[in-house]
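Novice: Sequence and predicted structure below; questions after.
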Amino acid sequence: MTHGPDVPLGGATIAHIGIAVENISAALEFYQNVLGIAPLHSPETSDGASIVLLPFGASDVELLEPTDPESPIAKFLAKRGPGIHHVCYRVPNLDEALARCRAAGYRLVDEVPRPGAGGRRVAFIHPKSTAGILLELTD
């Protein structure tokens, strides 16, 4: 089934919400001690950040701590401080979703998918195109 620009790309869900933190261990104390939630796996590194996933039903919370002072997360923390960095939507067809973004004139950070955490393909849409929210798409 193909989708035109006026037909919704069905099946999209919230994959995770990325939260920039200065220290993952300190941030984990709340999730573990108050909410009783343990990370899904050991931290992994991607895009200059240490990443831990916490399960919240069908979606996750992704804690992001910079490991490189020039990484996007380090720059975000320096400019804005800790907080929500991005929302990630899982789409049935990432290539098609990016094509639709280009056709609609959205400003893309990633013109083509790239490797992300967990080996998933990801692409970001610039917040200037999405009401100030950095959006990540993954399949």
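Specialist: Arrived safely.
Novice: Who does the residue nearest to the spatial centre of the chain form a beta bridge with?
Specialist: Centrality entry for the chain: nearest residue to the mean C-alpha point is C88, 4.2 Å, by CA atoms, centre = their mean. The bridge-partner assignment for C88, based on DSSP bridges, gives H16, E136.
Novice: could you check the distance from it over to I133?
Specialist: For C88, the distance to I133 under the criterion CB to CB, to the nearest Å works out to 11 Å. Every C-beta, even on glycine, is put in place using the N, C-alpha and C of the backbone.
Novice: and what of E96?
Specialist: Distance, E96 to I133, by CB to CB: 21 Å.
Novice: for the chain, what are the low-confidence residue spans?
Specialist: Regions of the chain meeting the criterion pLDDT under 70 cover residues 1-9.
Novice: all helices of it, in order?
Specialist: Under the criterion DSSP state H, the chain contains helices at 24-29, 72-80, 94-104.
Novice: can I get these in JSON lines with distance to P127?
Specialist: Below are the helices of the chain laid out as JSON lines (distance: least, CB to CB, whole Å):
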{"stretch": "helix 24-29", "distance to P127": "23"}
{"stretch": "helix 72-80", "distance to P127": "11"}
{"stretch": "helix 94-104", "distance to P127": "13"}
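Novice: now these as TSV including mean neighbour count?
Specialist: Written out in TSV, the entries for the helices of the chain read as follows (neighbours: other CB atoms under 10 Å):
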stretch	mean neighbour count
helix 24-29	14
helix 72-80	16
helix 94-104	15
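Novice: Compare the ones you listed and report which one is nearest to L137.
Specialist: helix 94-104 (5.4 Å; CB to CB).
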